[in-house]
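# Output the structure for:
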Amino acid sequence: MAQAIQFDPIRLPPEADRLREEVREFLRGEIAAGAFDPHDPAGDAFNREFSRRVGARGWIGMTWPKRYGGQERSYLERYVVNEELLLARAPTRAHFTGDRQSGPVLLRYAPEHIRLDVLPRICRGEVTFCIGMSEPDSGSDLFAAKTRAERDGDGWVVNGRKLWTSGAHHADYMIGLFRTSPPTNANRRHGLTQFLVPLRTTSGISTRPVVNAAGGHDFNEVLFEGARLPGDHVLGEVDGAWKQATSELAYERSGSERFLETIHALIELLRDLGPEPGVREAEGVGRLIAQLHTMRRMSISVAGMLAAGKEPVVEASIVKDLGTNWEQALPDRVRRLAAFVERSERLDAVLAHDTVIAPKLTIQGGTREILRGIIARGLGLR
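Numbering: from 1, shown residues only. Predicted structure coming up:
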């Protein structure tokens, strides 16, 4: 059934602008103290101590209720914090997944005692999460998930594999999507259940690295061999997690991280071009900045709709499809615009790094083909 695709006209409020200056001051202090190098494109993005300091400022889980360690601030204020952290190349991986999507899932579906235990630790930057969705034979087709969770007394026993699991080698917890019943002819989505998986304290779980083309280790394969989970670690409805998972992806797919991963190539190009670029370069940069501004407005709109309690799954998919294709193409566009410019070593280093990582950008978090299927359903075309 077709649904209206609507990007609400949202503007950042004055308190968001004040917060932006506070975040920038914090980051200047961290850089001066040597916590991270904002000019290193291949810098280590995982730093638990940095995440703890971000948590101490109240900037993790900042939209959540104070009962669970949050600050009850707006999604738009959270948007500003994450935008500034991304632009500064701050090492956010230790807390980012828990803040962006795992925490909201626990907030909505976990039993109260788990909320009271885990959510405050996320807010303090003490625990790291990963997402267990993709599998070796399913990729972005989550309906094809085969990793099984079977009832065993009061608990569940899990067997199978998850693949492309970002950050699993660091993570304390996984939000896992496992098959608990076969799909039905009438509903292929039936039979999937979400679980909270304590990775470090559950026997029968092992992690294998998947090294990427840049020589980095972010992806992993996670093996479950008779791993036992308590019954109270089920999140939401048994066999009915598909809607939960798609709602979760609205958080994952709509943020500024979906178009800012290679933005430093454009930033370094602007530095090299200086205040008086040639006509060719000015025209090309103008197009890129206009496109960037449009995607940012759409992303802020989705943040505003999430704040209003809406579930903009289709709109979030549009942001990710446009954004990841744009950031994937950006290194080559920058290289072409810099063809007649004396390039700095810093721009060359950024281009070398971003060119290697670019192919993954339209795959992680759901391939563009899957996204376009979601958009097509939203338009009533399938």
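
# contacts for stretch 332-348?
By C-beta atoms under 8 Å, 6 or more residues apart in numbering, the residues outside stretch 332-348 that reach it are 39, 265-266, 268-269, 271-273, 278, 280-281, 284-285, 288, 351, 355. The C-beta positions use only the backbone N, C-alpha and C, and glycine is treated the same way.

# ugh, wrong one, stretch 21-40
So stretch 21-40 is contacted by 43-44, 47, 49-50, 53, 57, 59, 80-81, 84-85, 88-91, 346 (C-beta under 8 Å, 6+ apart).

# Give me the mean pLDDT for that stretch.
Averaged across stretch 21-40, the pLDDT comes to 97.

# buried residues in it?
23, 26-27, 30-31, 36 (16 or more other C-beta atoms under 10 Å).

# Output it as PDB - backbone C-alpha positions only.
This file holds the C-alpha atoms of stretch 21-40, laid out as PDB (Å, rounded to 0.1, in the frame of the first residue of the first chain):
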ATOM      1  CA  GLU A  21      29.700  25.700  20.600                       C
ATOM      2  CA  GLU A  22      29.900  23.700  23.800                       C
ATOM      3  CA  VAL A  23      30.800  20.500  21.800                       C
ATOM      4  CA  ARG A  24      33.400  22.400  19.700                       C
ATOM      5  CA  GLU A  25      35.100  23.700  22.800                       C
ATOM      6  CA  PHE A  26      35.200  20.200  24.300                       C
ATOM      7  CA  LEU A  27      36.700  18.800  21.100                       C
ATOM      8  CA  ARG A  28      39.300  21.500  20.900                       C
ATOM      9  CA  GLY A  29      40.400  20.500  24.400                       C
ATOM     10  CA  GLU A  30      40.500  16.800  23.500                       C
ATOM     11  CA  ILE A  31      42.600  17.500  20.400                       C
ATOM     12  CA  ALA A  32      45.000  19.800  22.400                       C
ATOM     13  CA  ALA A  33      45.400  17.000  25.000                       C
ATOM     14  CA  GLY A  34      46.300  14.500  22.200                       C
ATOM     15  CA  ALA A  35      43.200  12.300  22.600                       C
ATOM     16  CA  PHE A  36      42.900  12.000  18.800                       C
ATOM     17  CA  ASP A  37      44.300  13.500  15.600                       C
ATOM     18  CA  PRO A  38      41.500  15.200  13.500                       C
ATOM     19  CA  HIS A  39      43.700  15.100  10.400                       C
ATOM     20  CA  ASP A  40      44.400  11.300  10.400                       C
END
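
# so residue 51 makes contact with residue 122?
No - counting by C-beta atoms under 8 Å, residue 51 sits too far from residue 122 to count as a contact (9.8 Å).

# in this protein, which spans are helices?
Along the chain, the stretches classed as helices by DSSP state H are 14-32, 48-56, 75-87, 93-97, 103-109, 112-123, 241-253, 263-273, 279-307, 313-337, 345-357, 368-378.

# where does the stretch 101-250 of the chain have low pLDDT?
Along the stretch 101-250 of the chain, the parts satisfying pLDDT under 70 run over 139-141, 245-250.

# Which parts of it are strands?
Counting by DSSP state E, counting those that start in this stretch, the stretch 101-250 of the chain has strands at residues 129-132, 148-152, 155-162, 173-179, 192-198, 205-211, 217-230, 234-235.

# Distance to residue 256 for those - can I get that in CSV?
Listed next are the strands of the stretch 101-250 of the chain as CSV, based on distance: least, C-beta to C-beta, whole Å:
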stretch, distance to residue 256
strand 129-132, 19
strand 148-152, 34
strand 155-162, 27
strand 173-179, 22
strand 192-198, 26
strand 205-211, 26
strand 217-230, 19
strand 234-235, 27
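
# How about the contacts made by the closest residue to residue 224 other than its chain neighbours?
Leaving aside its chain neighbours, residue 224 sits nearest to residue 158 (4.3 Å; criterion: C-beta to C-beta, 6 or more residues apart in numbering). Counting by C-beta under 8 Å, 6+ apart, residue 158 touches 147-150, 176, 178, 195, 197, 204, 224, 226-229.

# from those residues, which would you call buried?
147-149, 176, 178, 195, 197, 224, 227, 229.

# Spatially, which two of those residues are the most separated?
Largest separation among the buried ones among the contacts of residue 158 by C-beta to C-beta: 148 and 197, giving 13.8 Å.

# Of all the residues in stretch 339-350, which ones are buried?
346-347, 349-350.

# hmm, back to that, most tightly packed of the helices of the chain?
helix 93-97 (a mean of 25; mean count of other C-beta atoms under 10 Å).

# for that helix, what is the average pLDDT?
For helix 93-97, the mean confidence score works out to 96.

# Can you spell out which helices and strands pack onto that helix?
In terms of contacts (3 or more C-beta pairs under 8 Å, 6 or more residues apart in numbering; DSSP states H and E), helix 93-97 is packed against helix 48-56, strand 129-132.

# The last one pairs with which strands?
Just to be clear, that refers to strand 129-132. strand 173-179 (parallel) (DSSP bridges).

# tell me the angle the partner strand makes with strand 192-198.
Here the directions of strand 173-179 and strand 192-198 differ by 150 degrees (axes from the mean of the first three to the mean of the last three C-alpha atoms, to 10 degrees).
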